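Peer 1: curious how this folds, go ahead:
(one chain, ligands or ions: 1)
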Amino acid sequence: MATAQRVPLIAGNWKMNLDHMQAISTVQKLAWTLDDAGHDFKKVEVAVLPPFTDIRSVQTIVHGDKLDLAYGAQDISTQDSGAFTGDVSGAFLARLGCSYVAVGHSERREHHGEDDDVVRAKVEAAYRHGITPILCLGENLEVRQSGDQVAHAVGQLRAATSSLQPAQVESLVVAYEPIWAIGTGEVATPDDAQEVAEALRGAVAESFSPELAGAVRVLYGGSVKSSNVASIMAKPDVDGALVGGASLDPKEFAAICRYQDHNVAL
Ligand SMILES: O=C[C@H](O)COP(=O)(O)O
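Peer 2: So this is what the prediction gives:
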(Lines give C-alpha, C1' and ligand atoms only; values in the text may rest on other atoms or scores of the structure.)
Protein backbone atom coordinates (compact mmCIF):
# COMPACT_ATOMS: atom_id res chain seq x y z
CA MET A 1 0.00 0.00 0.00
CA ALA A 2 1.25 3.51 -0.76
CA THR A 3 3.01 5.45 1.99
CA ALA A 4 2.01 8.88 0.70
CA GLN A 5 -0.29 9.84 3.57
CA ARG A 6 1.89 8.45 6.35
CA VAL A 7 4.62 10.61 7.90
CA PRO A 8 7.70 8.42 8.44
CA LEU A 9 8.89 8.13 12.04
CA ILE A 10 12.46 7.47 13.12
CA ALA A 11 12.51 6.68 16.84
CA GLY A 12 15.59 6.12 18.98
CA ASN A 13 15.17 3.63 21.82
CA TRP A 14 18.06 4.38 24.16
CA LYS A 15 17.26 1.34 26.32
CA MET A 16 19.14 1.52 29.67
CA ASN A 17 21.81 3.89 28.38
CA LEU A 18 22.65 7.59 28.92
CA ASP A 19 21.93 9.28 32.25
CA HIS A 20 20.03 12.58 32.45
CA MET A 21 23.18 14.70 31.94
CA GLN A 22 24.19 12.66 28.91
CA ALA A 23 20.60 12.91 27.67
CA ILE A 24 20.85 16.70 27.59
CA SER A 25 24.00 16.75 25.47
CA THR A 26 22.76 13.95 23.22
CA VAL A 27 19.49 15.70 22.46
CA GLN A 28 21.26 19.02 21.88
CA LYS A 29 23.76 17.46 19.49
CA LEU A 30 20.99 15.62 17.66
CA ALA A 31 18.97 18.82 17.29
CA TRP A 32 21.97 20.85 16.09
CA THR A 33 22.97 18.19 13.57
CA LEU A 34 19.48 17.91 12.16
CA ASP A 35 19.10 21.67 12.13
CA ASP A 36 22.38 22.06 10.20
CA ALA A 37 21.10 19.56 7.66
CA GLY A 38 17.87 21.57 7.28
CA HIS A 39 15.79 18.66 8.52
CA ASP A 40 12.03 19.06 8.02
CA PHE A 41 10.43 17.33 11.02
CA LYS A 42 7.03 17.49 9.34
CA LYS A 43 8.34 15.28 6.52
CA VAL A 44 10.25 12.82 8.71
CA GLU A 45 9.27 12.78 12.36
CA VAL A 46 12.05 12.12 14.88
CA ALA A 47 11.57 10.83 18.42
CA VAL A 48 13.75 9.65 21.28
CA LEU A 49 12.74 7.20 24.00
CA PRO A 50 15.14 7.77 26.91
CA PRO A 51 15.10 6.04 30.32
CA PHE A 52 12.41 7.35 32.70
CA THR A 53 14.98 9.30 34.73
CA ASP A 54 15.98 11.35 31.67
CA ILE A 55 12.53 12.39 30.49
CA ARG A 56 12.25 15.56 32.58
CA SER A 57 15.63 16.74 31.27
CA VAL A 58 14.65 15.97 27.69
CA GLN A 59 11.37 17.82 28.17
CA THR A 60 13.23 20.89 29.46
CA ILE A 61 15.57 20.98 26.45
CA VAL A 62 12.85 20.29 23.88
CA HIS A 63 10.49 22.92 25.29
CA GLY A 64 13.21 25.43 26.24
CA ASP A 65 14.86 25.30 22.82
CA LYS A 66 11.53 24.89 21.00
CA LEU A 67 12.70 21.73 19.25
CA ASP A 68 10.41 19.77 16.95
CA LEU A 69 11.75 16.56 18.42
CA ALA A 70 9.19 14.18 19.92
CA TYR A 71 10.00 12.05 22.94
CA GLY A 72 8.51 9.28 24.97
CA ALA A 73 9.12 6.39 27.34
CA GLN A 74 10.21 2.78 26.98
CA ASP A 75 7.46 1.33 29.14
CA ILE A 76 4.19 2.21 30.89
CA SER A 77 2.27 0.69 33.76
CA THR A 78 -0.97 -1.13 33.06
CA GLN A 79 -2.33 0.79 36.08
CA ASP A 80 -2.94 4.52 36.51
CA SER A 81 -2.00 4.92 40.20
CA GLY A 82 -1.68 3.06 43.48
CA ALA A 83 0.42 0.40 45.14
CA PHE A 84 2.51 -0.67 42.17
CA THR A 85 6.07 -0.22 43.36
CA GLY A 86 8.49 0.65 40.61
CA ASP A 87 5.82 1.13 37.94
CA VAL A 88 5.33 4.42 36.10
CA SER A 89 1.83 5.65 35.29
CA GLY A 90 0.86 6.91 31.86
CA ALA A 91 -0.58 9.93 33.68
CA PHE A 92 2.94 10.91 34.76
CA LEU A 93 4.31 10.36 31.25
CA ALA A 94 1.55 12.50 29.77
CA ARG A 95 2.36 15.30 32.30
CA LEU A 96 5.96 15.17 31.06
CA GLY A 97 4.78 15.70 27.49
CA CYS A 98 5.51 12.20 26.21
CA SER A 99 4.03 11.60 22.77
CA TYR A 100 5.08 7.95 22.49
CA VAL A 101 5.68 4.89 24.60
CA ALA A 102 7.24 1.62 23.50
CA VAL A 103 5.07 -1.32 24.51
CA GLY A 104 5.86 -5.01 24.27
CA HIS A 105 9.53 -4.67 23.38
CA SER A 106 11.06 -8.14 23.18
CA GLU A 107 13.39 -7.24 26.05
CA ARG A 108 10.35 -6.53 28.26
CA ARG A 109 8.65 -9.72 27.07
CA GLU A 110 11.79 -11.75 27.78
CA HIS A 111 13.18 -10.20 30.99
CA HIS A 112 9.91 -9.16 32.62
CA GLY A 113 7.63 -11.94 31.42
CA GLU A 114 5.25 -9.60 29.62
CA ASP A 115 2.73 -11.71 27.73
CA ASP A 116 0.11 -10.69 25.19
CA ASP A 117 -2.41 -9.78 27.92
CA VAL A 118 0.05 -7.43 29.64
CA VAL A 119 1.01 -5.89 26.31
CA ARG A 120 -2.66 -5.30 25.45
CA ALA A 121 -3.26 -3.69 28.87
CA LYS A 122 -0.26 -1.41 28.31
CA VAL A 123 -1.51 -0.40 24.87
CA GLU A 124 -4.86 0.45 26.50
CA ALA A 125 -3.09 2.42 29.25
CA ALA A 126 -1.18 4.46 26.68
CA TYR A 127 -4.38 5.44 24.87
CA ARG A 128 -6.12 6.27 28.18
CA HIS A 129 -3.50 8.96 28.68
CA GLY A 130 -3.33 10.23 25.11
CA ILE A 131 0.07 8.67 24.41
CA THR A 132 0.70 6.83 21.14
CA PRO A 133 1.95 3.29 21.71
CA ILE A 134 4.79 1.98 19.62
CA LEU A 135 3.73 -1.65 19.72
CA CYS A 136 6.81 -3.84 19.36
CA LEU A 137 6.56 -7.38 18.06
CA GLY A 138 8.60 -9.89 16.11
CA GLU A 139 9.85 -13.45 16.03
CA ASN A 140 12.86 -15.22 17.50
CA LEU A 141 15.33 -17.18 15.41
CA GLU A 142 13.50 -20.47 15.87
CA VAL A 143 10.25 -19.04 14.49
CA ARG A 144 12.12 -17.39 11.62
CA GLN A 145 13.82 -20.67 10.72
CA SER A 146 10.48 -22.46 10.73
CA GLY A 147 9.13 -19.83 8.30
CA ASP A 148 6.29 -18.78 10.63
CA GLN A 149 7.35 -15.14 11.06
CA VAL A 150 4.26 -13.65 9.41
CA ALA A 151 1.76 -15.67 11.43
CA HIS A 152 3.71 -14.95 14.60
CA ALA A 153 3.78 -11.16 14.07
CA VAL A 154 0.13 -11.02 13.01
CA GLY A 155 -0.86 -13.06 16.08
CA GLN A 156 0.98 -10.65 18.38
CA LEU A 157 -0.65 -7.67 16.65
CA ARG A 158 -4.15 -9.13 16.93
CA ALA A 159 -3.64 -9.99 20.61
CA ALA A 160 -2.42 -6.49 21.45
CA THR A 161 -5.09 -4.58 19.55
CA SER A 162 -8.23 -6.68 20.04
CA SER A 163 -9.79 -4.21 22.50
CA LEU A 164 -9.04 -1.02 20.56
CA GLN A 165 -11.54 1.35 19.00
CA PRO A 166 -11.04 2.36 15.35
CA ALA A 167 -10.18 5.93 16.35
CA GLN A 168 -7.33 4.59 18.47
CA VAL A 169 -5.99 2.30 15.76
CA GLU A 170 -5.62 5.24 13.40
CA SER A 171 -2.65 6.63 15.34
CA LEU A 172 -1.11 3.26 16.24
CA VAL A 173 2.57 2.69 15.50
CA VAL A 174 3.73 -0.92 15.14
CA ALA A 175 7.43 -1.80 15.24
CA TYR A 176 8.38 -5.08 13.61
CA GLU A 177 11.56 -6.14 15.37
CA PRO A 178 12.82 -9.64 14.62
CA ILE A 179 14.58 -10.65 17.85
CA TRP A 180 17.47 -12.27 15.99
CA ALA A 181 18.30 -8.88 14.43
CA ILE A 182 18.26 -6.83 17.65
CA GLY A 183 21.71 -5.68 18.71
CA THR A 184 23.32 -8.45 16.68
CA GLY A 185 24.43 -6.49 13.65
CA GLU A 186 22.39 -8.96 11.62
CA VAL A 187 19.82 -6.75 9.94
CA ALA A 188 16.78 -8.27 8.25
CA THR A 189 16.77 -7.75 4.51
CA PRO A 190 14.50 -5.03 3.19
CA ASP A 191 12.35 -7.81 1.69
CA ASP A 192 12.09 -9.52 5.10
CA ALA A 193 10.93 -6.23 6.63
CA GLN A 194 8.47 -5.61 3.81
CA GLU A 195 6.99 -9.11 4.00
CA VAL A 196 5.99 -8.72 7.64
CA ALA A 197 5.09 -5.02 7.42
CA GLU A 198 2.70 -5.74 4.54
CA ALA A 199 1.12 -8.64 6.43
CA LEU A 200 0.67 -6.48 9.55
CA ARG A 201 -1.06 -3.81 7.50
CA GLY A 202 -3.23 -6.47 5.90
CA ALA A 203 -4.22 -7.71 9.36
CA VAL A 204 -5.28 -4.19 10.38
CA ALA A 205 -7.36 -3.99 7.18
CA GLU A 206 -9.04 -7.29 8.05
CA SER A 207 -9.66 -6.58 11.74
CA PHE A 208 -10.56 -2.90 11.35
CA SER A 209 -10.66 -1.36 7.86
CA PRO A 210 -8.51 -0.68 4.80
CA GLU A 211 -8.58 3.05 5.65
CA LEU A 212 -7.14 2.42 9.09
CA ALA A 213 -4.58 0.04 7.63
CA GLY A 214 -3.48 2.88 5.38
CA ALA A 215 -3.01 5.15 8.39
CA VAL A 216 -1.12 2.84 10.75
CA ARG A 217 2.64 3.34 10.68
CA VAL A 218 4.81 0.23 10.62
CA LEU A 219 8.45 0.63 11.65
CA TYR A 220 11.29 -1.82 11.28
CA GLY A 221 13.79 -2.33 14.12
CA GLY A 222 16.91 -4.46 14.39
CA SER A 223 20.49 -3.29 13.71
CA VAL A 224 19.38 -0.23 11.73
CA LYS A 225 22.30 2.05 10.79
CA SER A 226 22.86 4.94 8.42
CA SER A 227 24.37 2.44 5.97
CA ASN A 228 21.26 0.23 5.69
CA VAL A 229 18.32 2.49 6.54
CA ALA A 230 17.68 3.85 3.05
CA SER A 231 17.13 0.40 1.53
CA ILE A 232 14.72 -0.56 4.30
CA MET A 233 12.84 2.74 4.06
CA ALA A 234 12.47 2.24 0.29
CA LYS A 235 9.98 -0.55 0.96
CA PRO A 236 6.36 0.57 0.53
CA ASP A 237 4.99 -0.75 3.82
CA VAL A 238 7.89 0.35 6.01
CA ASP A 239 7.19 3.78 7.49
CA GLY A 240 10.15 4.25 9.74
CA ALA A 241 12.66 2.69 12.07
CA LEU A 242 13.00 1.91 15.76
CA VAL A 243 16.70 2.28 16.36
CA GLY A 244 18.53 0.95 19.42
CA GLY A 245 22.34 1.07 19.60
CA ALA A 246 22.82 3.50 16.73
CA SER A 247 20.52 6.06 18.37
CA LEU A 248 23.03 6.62 21.19
CA ASP A 249 25.37 8.47 18.83
CA PRO A 250 23.61 11.71 17.84
CA LYS A 251 25.54 12.09 14.57
CA GLU A 252 24.79 8.53 13.47
CA PHE A 253 21.17 8.82 14.56
CA ALA A 254 20.81 12.11 12.69
CA ALA A 255 22.23 10.39 9.59
CA ILE A 256 19.58 7.67 9.98
CA CYS A 257 16.88 10.35 10.24
CA ARG A 258 18.30 11.82 7.01
CA TYR A 259 17.88 8.51 5.18
CA GLN A 260 16.63 10.31 2.11
CA ASP A 261 20.15 11.72 1.65
CA HIS A 262 21.61 8.21 1.24
CA ASN A 263 21.65 5.96 -1.77
CA VAL A 264 19.53 2.86 -1.74
CA ALA A 265 21.78 -0.19 -1.99
CA LEU A 266 20.76 -2.35 -4.93
O1 LIG B 1 14.20 -0.93 20.05
C2 LIG B 1 15.14 -1.09 19.29
C3 LIG B 1 15.54 -2.41 18.87
O4 LIG B 1 15.61 -3.29 19.95
C5 LIG B 1 16.71 -2.46 17.95
O6 LIG B 1 17.92 -2.37 18.63
P7 LIG B 1 19.30 -2.28 17.77
O8 LIG B 1 19.11 -1.16 16.80
O9 LIG B 1 20.36 -2.02 18.79
O10 LIG B 1 19.44 -3.61 17.08
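
Peer 1: and the closest residue to residue 56 other than its chain neighbours, what does it touch?
Peer 2: Nearest non-adjacent residue to residue 56, counting by C-beta to C-beta, 6 or more residues apart in numbering: residue 96, 6.2 Å away. Heads up, the C-betas are built off the backbone N, CA and C, glycines and all. By C-beta atoms under 8 Å, 6 or more residues apart in numbering, residue 96 lies in contact with 55-56, 59.

Peer 1: CSV for these, including neighbour count, pLDDT and secondary structure?
Peer 2: Formatted as CSV, those follow (neighbours: other C-beta atoms under 10 Å; pLDDT from 0 to 100; DSSP: H, G, I helix; E, B strand; the rest coil):
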residue, neighbour count, pLDDT, secondary structure
55, 24, 98, helix
56, 14, 98, helix
59, 15, 98, helix
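
Peer 1: circling back: and the residue nearest to residue 56, how far from the ligand?
Peer 2: 20 Å (C-beta to the nearest ligand atom, to the nearest Å).

Peer 1: tell me how far that residue lies from residue 105.
Peer 2: Separation of residue 96 from residue 105 (C-beta to C-beta, to the nearest Å) stands at 20 Å.

Peer 1: with residue 117 instead?
Peer 2: Taking C-beta to C-beta, one finds residue 117 at 16 Å from residue 105.

Peer 1: check residue 112 too.
Peer 2: 10 Å.

Peer 1: who's more crowded, those two?
Peer 2: residue 105 (28 against 10; other C-beta atoms under 10 Å).

Peer 1: any idea how far residue 231 is from that one?
Peer 2: 24 Å.

Peer 1: list the buried residues of stretch 129-148.
Peer 2: 129, 131-139, 143-144 (16 or more other C-beta atoms under 10 Å).

Peer 1: show me these that map onto helices.
Peer 2: 143-144 (DSSP state H).
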